[in-house]
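**Q** From the sequence below, what's the structure:
(one chain, ligands or ions: 2)
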Amino acid sequence: MPLANDVFVGAIDQGTTSSRFLIFDKDGTPVASHQIEFKQIYPHSGWHEHDPAELISSVQQCIDEAVKIFLRLGHSLDAIKSVGITNQRETTVCWDKQTGEPLYNAIVWTDIRAQELVREIKKRDGADGLQQLCGLPLSTYPCCTKVLWMLENVPRVKQAYDEGRLMFGTVDSWLVYQLNGGPHKNVHVSEPTNASRSMFMNLETLDYDERLLGFFKLDRNKITLPKIVRSSDANAYGTLATGTLKGVPITGCLGDQSAALVGQKGFSPGMAKNTYGTGCFLLYNVGEKPVISTHGLLATVAYYFEGKPVYALEGSIAVAGSGIKFLINNLDFVKESSKINDLAATVDDNGGCVFVTAFSGLFAPYWIDECRGTILGITQYTQKGHIARATLEATCFQTAAILRAMAKDSGASLAELAVDGGMSNSDLCMQTQADLIGIPVKRPAMRETTALGAAIAAGLAVGVWKGLEELREVNMVGSTVFEPKMVEEKREGMFGRWEKAVKTCTGFGAHFL
Ligand SMILES: Nc1ncnc2c1ncn2[C@@H]1O[C@H](COP(=O)(O)OP(=O)(O)O)[C@@H](O)[C@H]1O
Ligand SMILES: O=P(O)(O)OC[C@H](O)CO
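**A** Ligands and ions are numbered 1, 2, ... in the order given. Sure thing, here's the model as predicted:
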């Protein structure tokens, strides 16, 4: 029998390695879900692409499968009030305005093919002032350099640009556009947590900035950028055009790292979360004014609901779970991610190994393009277990470096770190993290905080929750706290070796691509 009075919100979570759809109740409990891993395309060293059509089809399939489970549980379709979207950020899609067809594969946020181009445009007048406007340093990471690379190297993209047919979007825009039915409806929108990652958006005005577009020499008449709307909006995102949820409105959208902060309910300045997914991203709520970092962090938008936008300082780590995937897929260490912990537990420590997992250069707080993955300290004694441990530790060391930078930028130190994401499932990794930062690490029982954040954005827009106060009890049950056990002297010694390792591999990879 249908459970009449319940209301639910759906959440599309389009991540770097998988797409998911989850259906949440008002307490923030996922009642049904489905997840699909999709193809990672690595055409050359340093290149990383996704098939834009597969991003859409995997999402549609996830919706339909999760809804089947939902109905089997006895719920009715009309109990799903709206759908939210959260997504991998910076991944760049270019498509044709007339046909809605992609003009190239999506270039993924990790992709470093634009390294040479970045080096060139860093020499342009005005390069130094960009971060002040948009919060990000020039690197291969944001969308701008991916778009410029396509304009220089993909004739179809250049031709569409010359003919005024080029549409640009981050994955949220691409999903909203296609899920609404494509060119026929032409719903082409984004919101500040995603749009800010293009390097085209001004952090204060939350709109495109002619100075930024001018710096990149982009003509607004030739490239259509998505309209920037609020992250939670009942009318801006349209409705699902096909599938089992046809007609259900999309009412919220957040880049995945912002969504995780919302899902962890990091609504007050001083609250932070660290999400260990494909990469790892620490967001620290700084309130209603952006803080431009002077220590290698990014300024970004945390969310934009009612009233004023809320900003965050961000520490971005390019490789986290993808380091584990590398050990699985490329080196055949174990068969699945959870087994890496068993392997790491076969040894007591890293045996002297440090793995700088700089597959895409190093992101925060270092921002070094010219380095590549490097394992230091190998001897005849080294076992797979040591390398597995060093892989987990690499993310923890970078998190430690980010927290040190954040303390300098914000003048305050964190008392506790809230964590989530696939790799946070590893107890060994989370204990290592607590040891290497010297503060407790707190992991919620329900770790789908990214999807929950998207559901919250969508649910707030349609009154499922009336305001942030109503979310107080959401996802509060059963967290695990990892207390630091390492003595300070050892922590400082290990961190010193890590920093030395970073210096050692810097410069390698400069002219490799
Ligand atoms: N038990 C585990 N221990 C360590 N790492 C894990 C575990 N489970 C998943 N992971 C890692 O988490 C990553 C996926 O996390 P997820 O949050 O789903 O990422 P994304 O949103 O980027 O697709 C994978 O790279 C995987 O290797
Ligand atoms: O796929 P994730 O969870 O590592 O997140 C990707 C980020 O949004 C990239 O900036």
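**Q** quick one: the strands in the stretch 351-500 of the chain?
**A** 354-356, 374-376, 417-420, 441-443, 480-482 (DSSP state E, counting those that start in this stretch).
**Q** could you dump these to CSV with distance to Arg124 and mean neighbour count?
**A** (Glycine included, C-beta is placed from N, CA and C.) Below are these laid out as CSV (distance: least, Cβ to Cβ, whole Å; neighbours: other Cβ atoms under 10 Å):
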stretch, distance to Arg124, mean neighbour count
strand 354-356, 30, 26
strand 374-376, 31, 17
strand 417-420, 38, 26
strand 441-443, 42, 22
strand 480-482, 46, 15
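**Q** Which one of those strands lies nearest to Ile23?
**A** strand 417-420 (18.9 Å; Cβ to Cβ).
**Q** Any idea which residue of the stretch 201-350 of the chain lies closest to ligand 1?
**A** Residue nearest to ligand 1 within the stretch 201-350 of the chain: Gly321 (2.2 Å; Cβ to the nearest ligand atom).
**Q** Just give the nearest non-adjacent residue to that residue, would you?
**A** Met423 (4.5 Å; Cβ to Cβ, 6 or more residues apart in numbering).
**Q** so that neighbour touches Ser322, yeah?
**A** No. Counting by Cβ atoms under 8 Å, Met423 stays clear of Ser322, with 9.6 Å between them.
**Q** Please say which of those two ends up with more neighbours.
**A** Applying other Cβ atoms under 10 Å to Met423 and Ser322 shows that Met423 carries more neighbours, namely 26 against 23.
**Q** got a list of what that one touches?
**A** Applying Cβ atoms under 8 Å, 6 or more residues apart in numbering to Met423 gives the contacts Tyr276, Gly277, Cys280, Ala320, Gly321, Ile324, Ser337, Leu392, Thr395, Cys429.
**Q** Contacts only, for the last one.
**A** Meaning Cys429. Cys429 sits next to Tyr276, Asn341, Leu392, Thr395, Cys396, Met423 when contact means Cβ under 8 Å, 6+ apart.
**Q** re the thing from before, could you dump the strands of the stretch 351-500 of the chain into TSV and include distance to ligand 2?
**A** Shown next, in TSV, are the strands of the stretch 351-500 of the chain (distance: least, Cβ to the nearest ligand atom, whole Å):
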stretch	distance to ligand 2
strand 354-356	18
strand 374-376	21
strand 417-420	10
strand 441-443	16
strand 480-482	20
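**Q** Format the ones you listed as JSON lines; extra columns: distance to Phe168 and mean pLDDT.
**A** JSON lines is the format used below for these (distance: least, Cβ to Cβ, whole Å; pLDDT from 0 to 100):
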{"stretch": "strand 354-356", "distance to Phe168": "33", "mean pLDDT": "97"}
{"stretch": "strand 374-376", "distance to Phe168": "35", "mean pLDDT": "95"}
{"stretch": "strand 417-420", "distance to Phe168": "30", "mean pLDDT": "94"}
{"stretch": "strand 441-443", "distance to Phe168": "37", "mean pLDDT": "95"}
{"stretch": "strand 480-482", "distance to Phe168": "42", "mean pLDDT": "95"}
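**Q** and whichever residue of the stretch 351-500 of the chain sits closest to ligand 1, how far is that from ligand 2?
**A** Nearest residue of the stretch 351-500 of the chain to ligand 1: Gly422, at 2.2 Å (Cβ to the nearest ligand atom). Going from Gly422 to ligand 2 by Cβ to the nearest ligand atom, to the nearest Å gives 8 Å.
**Q** For stretch 492-507, what is the distance to the chain centroid?
**A** Distance of stretch 492-507 from its chain centroid, counting by Cα atoms, centre = their mean, to the nearest Å, is 26 Å.
**Q** in it, what's buried?
**A** The neighbour-count check on stretch 492-507 (16 or more other Cβ atoms under 10 Å) flags Met494, Phe495, Arg497, Trp498, Ala501, Val502, Cys505, Thr506 as buried.
**Q** Where does confidence bottom out across those residues?
**A** The lowest pLDDT within the buried residues of stretch 492-507 belongs to Thr506, with 86.
**Q** Much appreciated, bye for now.
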